[in-house]
Every structure is written in structure tokens, then in C-alpha cells.
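Q: Output the structure for:
(3 chains)
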Amino acid sequence: MPLIDLANPTRFLTLASRALPWLTIATLAAFAVGIGLIASAPDDYQQGATVKIMFIHVPAAWLAMGCWSVMSIAALGTLVWRHPLADVAGKAAAPLGAAFTAMCLITGMLWGRPMWGTYWVWDGRLTSVLVLFLMYLGVLALWRTVEDPARAGRAAAVLTLVGAINLPIIKFSVDWWATLHQPASVLRLGGPAIHASLLTPLLVMALAFLLLFLTLHLAAMRNEIMRRRIRAMLVREAESAAQ
Amino acid sequence: MNLGPHAFFIVGAYGAAAFIVAVVVGWVALDYRRQTRALAELEARGVTRRSDRPSGAPS
Amino acid sequence: MTALANIFLRDMRLSVRLGGGALIGVLFFLIVVTLMPFAIGPDLALLARIGPAILWLGALLASLLALDRLIAADYEDGSLDLILMARVPLELSLASKALAHWLTTGLPLVIAAPLLGLLLNLDPTATGAVALTLLAGTPALTFIGLIGASLTVALRRGGLLIAVLVLPLAVPVLIFGVAASNAAIVGPVPFGTPFTILCALTLMSAVVGPFAAAAALRHGLE
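A: Next comes the predicted model:
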């Protein structure tokens, strides 16, 4: 590994340490404003108070998809440009993506119970998010199984890109399958018809979730860089002990 | 704030989301503490990084 | 061209001589299909209705079985290094390996499917539809599996991981395979719609699979 591989992450570490406190404050502020807006938001005339679940469910769903995009860009960075920070970014984003996908699924189930009368329906959207969750778990499993971080990074990058090609196909096939089996009877949520009194808190919450993701991603990247540094130092120690 | 007949599900959803965020934040924070400690311990033992050496190290 | 043919013939010969990889896959397929009535009851009408789904699931699981040897065997005996260093593009060598693999493990499943269809009380139309969709769809499973096999090639517990990585990617193939079989039996969509999409999926995975697998091997083994 050439020297530049460590030089760049070092600069990144100082930057991250400087940015993290500000990002944390911004995240907390956005959540405070968002929750304040949610508390005063009116109930939906059809769904009543359960519409409040939307304010966490929809941003979580956006981030669940967004995390895979971040991972795909990082994967290109790993495979094409060999950027030393790219697979760190990919590795740090994977557990976050899995967490936001799980959050989307759980809040969706808790929303579905009062609205549809059941926790789970094999609706196109729910099912494709479930498959997305499985793919996140696959990437995590791959990261955990390959010991050498550089090799694990490249394997995970290939899998991430294959996933990025396949996810639209999976989404299309699951939608096709869902409409084949049940004519569109499922309640349509969201869409452009949403009223402004609900849209503002939703967008603020989306911003808060985005800030939360950025904060956690940066912090997790910092951890990962330190972990690799420690690993390299341990290897060095063992090498000099062997000499 | 009146949550209506489905208060359990609304509170449950927010609770679950808060729990997941707490777990992730806790994991990141714990990981940070562990890595800082390990790094400090290694530096105390006098292990240096390759980039600390004046000229390029053999890899 | 001769190099590719040699890889192809070597893989065919190996899997025929080493015995029985194909037969074990078919045996597993038979066992899965046999177990189904124990789980859901011997109701012939019900079995005929969900028969295509059972056959597709069985073939999907059976095609996973041999994947962990697809590349790992070459990795262990060193021939993978030769394939990597050869002047033939790695993508093509992998594609011919996948083709040989499909002929020795996928095609037997397709041939066994009509026989197993008899056990599930499928009528001739349904049997033909399932066999045809399996013929069109199982190559996609092999090519997707090729990616999983290349990603996990150097791992000790690769076999289990392959299943975890590959099965989510196989969701579209399963959906359109079963949908096309059912379309031929009960409708409501015409057989052609899902079947052409299934063929498209196979063609696409035949392109994506070797390229992704080659990338995984090149980046993973350096």
C-alpha cells in the first residue's frame, strides 16, 4: 500500500472530526423542528392520526433506497478509481441502509395494521423493500465473511453494482407480480396529492433523516478508518517482532 | 394531542424508529470508543504508522 | 476459440466423471418435490394448482447446490490462475464454464421436471409449460449463480453465503417463470408476455453474469 493511501484518510479524519459536532447539532435541530411540526400537523381526513406514521416511514423509505445509491457510487469509486476512501464509505453505509430499511418495514407494518387490518400484505412496494432488506443483509454478510478489508471491499463493490442493476428489475417484477395477483385495491399512500399542511413536516423530517444519515455515515467512516489503521499497526508490530 | 383509536400503533412506530436510531448511534459511539482506546494503547506501546517514518516504507 | 472449447469440454468431462453432480441435483429436486405433499397434504387438486410453483422452487434450490464447486474447485487446484492469466478474455472463459455447468446441472433438472410433474398431477399442457419455462429460465439462475460463486470463491464457508447472495437476485426469474407456467394453465395473461420477459432476463443475466463474475475474480484474487 503506498503512502498516499494513508495520507488522504488522515486529512479526512481531521475534516470529519471538525464537521461532526456541527452535523450533530443540525440533526438535533432538524428533528426538534420536525417533531414540533408533526405534533401540530392536522389529522388526515381518511386515515386519522395514523398519518403521523408517514413522517418517519416515508423518509426511512427514501433513505433505504438512497443508501444503496451511495453504496453504488462508492462501489464505482472502489472498482474504477481505486479511491482509498471509497470502500470505507461503502462499508459504513451498508449497516445504515439495513437499519433504515428495517425502520421502513417496521413502521410500514405498524401503519398497515390499522389501515389494512393486517401487519403484512404482499403488496408490490412492501415486497420489494423486503427484497432490498435481504440484499443489504447479503452485503453485510459478505463484508463480515471476507477477512481482508481491501478484498472484502472489492467483493462488496461488485455485489453492490450487481444489486444496483438488479434492483429496478426486481422492483418491476414484484410490481408486475403484485398487480397480477391482486387488482390495485391497496390504499395508495403519498403521491403528489398530499396537502401542504402534511407536506411541510414530511420534508422537514426528510431533511432531519438525511442529516442523521450524514452524521452517522461520517462517524462510521471515521471508525472504519481507525479500525484499518489499528489493523495496519498490528501487522507492522508483528512484522517488526518477527525480524 | 389526540392520537385517536390507533394510538398504540403510532406510538409503537415512533418507538421502534427511535429504538433503531438509538441502536445505530450506540453502535457507532461504542465502536468509536473502542477504536480510540486501541489506537491510544498501540501508540503508548510505541507502535508507529508507516507514514510516520521519514522515507517510504517497504510494503 | 479452441481455448474456450477446451475449457468447456474440460468442465463437461470433469462433471460427468466426478460423478454424479448432476444426479445429486436431480435427486435433491426429487426429494424436495416428494416432501411437499407431506407438508401441504395429498390433495391432488391443490397439488395440480401449485405444482408449477413447487417445481420452480425445487429447481431453484437444486440449482444452488452445485454452485459452490463451480469456481472453487478451479481455485483449489490452481487452474483458475491459468484461466486468469490466459490470453482469452476472462469473461468468455467464465461464460463457457457457466454453459458447461448449466448443461450438466441445469439441463438434467429441466429433463426431470416433466417426470416430477406426474407426481404432482400436472396435466400435459402444464407439464410442457413448466419444462419450457425451466428451459428458458434455469440458464439465468446459473449465470446469476456464477456471480455468487466468484464472489465467495476464496472463502471457507462460501456455500451458505452463495445462497444468501444469489437468492434475492433470482426473485425476478422465479416470478416470471412461475407466472409464465401459470399463464399457460389458467391465464389470465397470455403465455407470451411473462415468457418473453423470462427470456429477456436470461439474456440479460448471460451478459451481466460473466462480466460481474470476471470483475469479482480480477479484483478479489489479486
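Q: All the helices of chain B, in order from the start?
A: Assigned by DSSP state H, the helices in chain B fall at B:7-44.
Q: Near chain C, which residues of it are found?
A: Applying C-beta under 8 Å from any C-beta of the partner chain, one finds that chain B does not approach chain C at all. To be clear about C-beta, it is placed using only N, CA and C from the backbone, and glycine gets the same treatment.
Q: remind me which residues of chain B are low pLDDT?
A: Along chain B, the parts satisfying pLDDT under 70 run over B:1-3, B:48-59.
Q: and if we set it to 90?
A: Low-confidence segments of chain B (pLDDT under 90): B:1-13, B:38-59.
Q: Just give me the neighbour total for residue 16.
A: Went with chain A since none was named. 17 (other C-beta atoms under 10 Å in any protein chain shown).
Q: Chain C is the one I meant
A: C:V16 has 14 nearby residues by other C-beta under 10 Å.
Q: Give me the nearest residue to it, chain neighbours excluded.
A: The spatially closest residue to C:V16, leaving aside those adjacent along the chain, is C:T104, at 6.7 Å (C-beta to C-beta, 6 or more residues apart in numbering or on different chains).
Q: Now do the contacts for that neighbour.
A: Applying C-beta atoms under 8 Å, 6 or more residues apart in numbering or on different chains to C:T104 gives the contacts C:D11, C:M12, C:S15, C:V16, C:G21, C:A22.
Q: out of the residues you listed, who's nearest A:L134?
A: When those are compared for distance to A:L134 (C-beta to C-beta), C:G21 wins out at 27.5 Å.
Q: Now the strand or helix carrying C:I31: average pLDDT?
A: In the assignment (DSSP states H and E), C:I31 maps to helix C:21-40. What helix C:21-40 shows for mean pLDDT is 86.
Q: The helix or strand just after that helix - what's its average pLDDT?
A: Counting by DSSP H and E, the next helix or strand C-terminal to helix C:21-40 is helix C:44-65. Averaged across helix C:44-65, pLDDT comes to 88.
Q: C:A66 - how many residues pack around it?
A: Using other C-beta under 10 Å, C:A66 has 21 neighbouring residues.
Q: I'd say it and C:F28 touch.
A: No. Applying C-beta atoms under 8 Å as the test, C:A66 and C:F28 come out as separate, 9.7 Å apart.
Q: Tell me the one among the contacts of C:T104 nearest to A:F55.
A: Nearest to A:F55 among the contacts of C:T104: C:G21, at 53.7 Å, using C-beta to C-beta.
Q: Give me the helices and strands touching the helix holding C:I31, please.
A: For helix C:21-40, the packing partners by 3 or more C-beta pairs under 8 Å, 6 or more residues apart in numbering or on different chains; DSSP states H and E come out as helix C:2-17, helix C:44-65, helix C:107-119.
Q: Select, out of those, the one closest to B:Y32.
A: helix C:44-65 (39.2 Å).
Q: going on from the least confident helix or strand in chain A by mean pLDDT, what's the next piece of helix or strand?
A: Confidence across the helices and strands of chain A bottoms out at helix A:4-40, with a mean of 83, counting by mean pLDDT, DSSP states H and E. Toward the C-terminal end, the helix or strand that comes next after helix A:4-40 (DSSP H and E) is helix A:54-76.
Q: In that following helix, which residues are buried?
A: A:54-68, A:70-76 (16 or more other C-beta atoms under 10 Å in any protein chain shown).
Q: Can you tell me how far the residue nearest the centre of chain B is from A:M135?
A: When C-alpha atoms, centre = their mean is applied to chain B, the residue found nearest the centroid is B:V28 (1.0 Å). For B:V28, the distance to A:M135 equals 22 Å [C-beta to C-beta, to the nearest Å].
Q: Return the backbone torsion pair for the most far-flung residue of chain C relative to its centre.
A: Distance from the C-alpha centroid of chain C peaks at C:D43, with 29.1 Å (C-alpha atoms, centre = their mean). Main-chain torsions, C:D43, degrees, to the nearest 10: phi -60, psi 110.
Q: returning to that earlier point: quick one, what contacts the residue nearest to the centre of chain B?
A: B:V28 touches A:L216, A:A219, A:A220, A:N223, counting by C-beta under 8 Å, 6+ apart.
Q: Figure out the helix or strand that A:A99 lives in.
A: helix A:86-116.
Q: Report the inter-axis angle for the helix ranked longest in chain A versus helix B:7-44.
A: Secondary structure assigned by DSSP H gives helix A:196-242 as the longest helix of chain A. If you take axes from the mean of the first three to the mean of the last three C-alpha atoms, to 10 degrees, helix A:196-242 sits at 30 degrees to helix B:7-44.
Q: what's the neighbour count on residue 15?
A: Reading this off chain A. 12.
Q: my question was about chain B
A: For B:G15, the count of nearby residues is 12 (other C-beta under 10 Å).
Q: Then the one 4 residues further on?
A: Other residues within reach of B:F19, judged by other C-beta under 10 Å, total 12.
Q: Kindly report the same for A:L79.
A: Neighbour count for A:L79, taken as other C-beta under 10 Å: 21.
Q: for the closest residue to it other than its chain neighbours, helix, strand, or coil?
A: Excluding the flanking residues, the one nearest A:L79 by C-beta to C-beta, 6+ apart is A:A157, at 5.1 Å. Three-state call for A:A157 (DSSP: H, G, I helix; E, B strand; the rest coil): helix.
Q: Name all residues that make contact with B:H6.
A: Counting by C-beta under 8 Å, 6+ apart, the residues that B:H6 touches are A:G48, A:A49, A:T50, A:P114.
Q: Can you pick out the most distant pair from those?
A: Maximum distance among the contacts of B:H6 (C-beta to C-beta): 9.4 Å, for A:A49 and A:P114.
Q: Can you tell me, leaving aside adjacent residues, what's nearest to the residue nearest the centre of chain A?
A: Central residue of chain A (C-alpha atoms, centre = their mean): A:G97, 2.5 Å from the mean position. Nearest residue to A:G97, sequence neighbours excluded (C-beta to C-beta, 6+ apart): A:C67, at 3.0 Å.
Q: Over to A:M65?
A: Spatially, and ignoring its direct neighbours in sequence, A:M65 is nearest to A:L132 (7.4 Å; C-beta to C-beta, 6+ apart).
Q: Could I get the pLDDT score of the one you found?
A: What the model reports as pLDDT for A:L132 is 92.
Q: neighbours of it, just the number please.
A: Per other C-beta under 10 Å, the neighbour tally for A:L132 reads 25.
Q: Please name every helix or strand in contact with the helix or strand harbouring it.
A: Applying DSSP H and E as the criterion places A:L132 in helix A:124-145. The contact analysis (3+ C-beta pairs under 8 Å, 6+ apart) places helix A:124-145 against helix A:54-76, helix A:86-116, helix A:149-181, helix C:158-169.
Q: Would you reformat these as CSV and include distance to C:A3 and mean pLDDT?
A: Shown next, in CSV, are these (distance: least, C-beta to C-beta, whole Å; pLDDT from 0 to 100):
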stretch, distance to C:A3, mean pLDDT
helix A:54-76, 31, 91
helix A:86-116, 33, 89
helix A:149-181, 24, 85
helix C:158-169, 27, 86
